[in-house]
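Enquirer: Build me a model from this:
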Amino acid sequence: MFTHTHALQYEAKPDGPDANYARRLQEVLGGQWGEMTVATQYLLQGWNCRLPGKYKDMLLAIGTEELAHVEILVTLIDRLLDHQPLKPDSADHSKESAAAYGQSNPQHAIVNGGGAYFRDSMGLPWSGGYVTASGNLMADFHYNATAEMMGRLQVSRLYNMTDDKGVKDTLRFLIARDHYHQMQWLAAAEELKADGLDNIPVPAAFPLDEEPPEFAYAFLDASDGPDAANGRWANGPALDGTDNQLTARPIAANADAPILPPGDPRPYGTPPVPMQGILQKAKDALK
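Expert: All right, here's what the predicted structure looks like:
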């Protein structure tokens, strides 16, 4: 069950309208890493979570907060679209004026009547395909941390694309929440380990003795760059709690070159033997 409070979680008042910047803000509303994605992602993960208690409750709490961020951005975009010009200024025929008008999103006026919508800055529709809910909390929490990193990165870039103090104030709030949420997901992943629920590698329940050890702990260097193996990923103790060591070696072929048998002639793929011969063989086989 959801309820709605009309008061915003944080203020969303630009100093003045700016239809061009409203288009840019669409990216962090309806883009791959925008608020619509994280809100629905965390809620779906929570609804699907079969582990009652703190993890499920936390997922539903943050998903609901992200819905509040959706409303903040919609409100900010709507206010930036106040008095959106519907045609070029007849008194200003400069190239700058024409360029500024052309950079606005015509769908804001044509489709939405001066409002935001769930699309990105290029007008591409938001997709539920952006949402990940794997059913494995360790995998999801790490992916959620990435989503918050990408979101904070994009909002930080937008922060430097405007001089509007009201907009910057709203973006500072969103940047701060993305900061906290990154730490939240990483802390939650560590708590899963502490609670003995999962670990690295994901899924921890898959038996390690089913893996060929020569491939489980080796960095396979497939680059001619001299420094590919000069990092923690190729040296030192394994990160999975075992006593194994991480190593590095050049990549190598471990199987013969594949030679496939002749294919079924009915899909009309290019045959490896003359057409008449393969057709006759197929006919003979069907007799």
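Enquirer: mind checking how far stretch 130-146 is from the chain centre?
Expert: Using CA atoms, centre = their mean, to the nearest Å, the distance from the centre of stretch 130-146 to the centre of the chain it belongs to is 10 Å.
Enquirer: Could you pull up the residues touching Val162?
Expert: Rather than Val, residue 162 is Thr. By CB atoms under 8 Å, 6 or more residues apart in numbering, Thr162 lies in contact with 18, 21, 168. Glycine gets a C-beta too; all of them are placed from N, C-alpha and C.
Enquirer: could you redo the last one with a cut-off of 6 Å?
Expert: By CB atoms under 6 Å, 6 or more residues apart in numbering, the contact list for Thr162 reads Tyr21.
Enquirer: Can you pull the phi/psi pair for it?
Expert: Note on Thr162: backbone dihedrals following degrees, to the nearest 10 are phi -150, psi 150.
Enquirer: State the pLDDT value of it.
Expert: On the pLDDT scale, Thr162 is placed at 98.
Enquirer: residue ranges for the helices of this structure, please.
Expert: Taking DSSP state H to define them, one finds helices in the chain at 19-25, 27-30, 35-48, 54-80, 95-102, 106-110, 137-159, 165-194, 213-216, 275-286.
Enquirer: ok, of these, where does mean pLDDT dip lowest?
Expert: Lowest mean pLDDT within the helices of the chain: helix 95-102, a mean of 61.
Enquirer: tell me what the biggest strand by length in the chain is packed against?
Expert: Taking DSSP state E as the criterion, the chain has its longest strand at strand 245-250. In this structure, strand 245-250 packs against strand 218-221, with contacts taken as 3 or more CB pairs under 6 Å, 6 or more residues apart in numbering; DSSP states H and E.
Enquirer: Quick check: chain neighbours aside, which residue is closest to Leu59?
Expert: Leaving out its chain neighbours, the residue that sits closest to Leu59 by CB to CB, 6 or more residues apart in numbering is Gly46, at 3.2 Å.
Enquirer: Could you check how far that neighbour is from Lys56?
Expert: 6 Å (CB to CB, to the nearest Å).
Enquirer: rewinding a little: was I right about the residue nearest to Leu59 contacting Leu60?
Expert: Yes. In this structure Gly46 lies within contact range of Leu60 using CB atoms under 6 Å: 4.0 Å.
Enquirer: coming back round to it: enumerate every residue touching the residue nearest to Leu59.
Expert: Neighbours of Gly46 in contact, by CB under 6 Å, 6+ apart: 56, 59-60, 63.
Enquirer: By neighbour count, which of those wins?
Expert: Greatest neighbour count in those, by other CB atoms under 10 Å, goes to Leu59: 25 neighbours.
Enquirer: Touching, it and Tyr42? I think so.
Expert: Yes. If you go by CB under 6 Å, Leu59 and Tyr42 touch, sitting 5.3 Å apart.
Enquirer: Now the longest strand of the chain: buried residues?
Expert: Neighbour counts over strand 245-250 (16 or more other CB atoms under 10 Å) mark Leu246 as buried.
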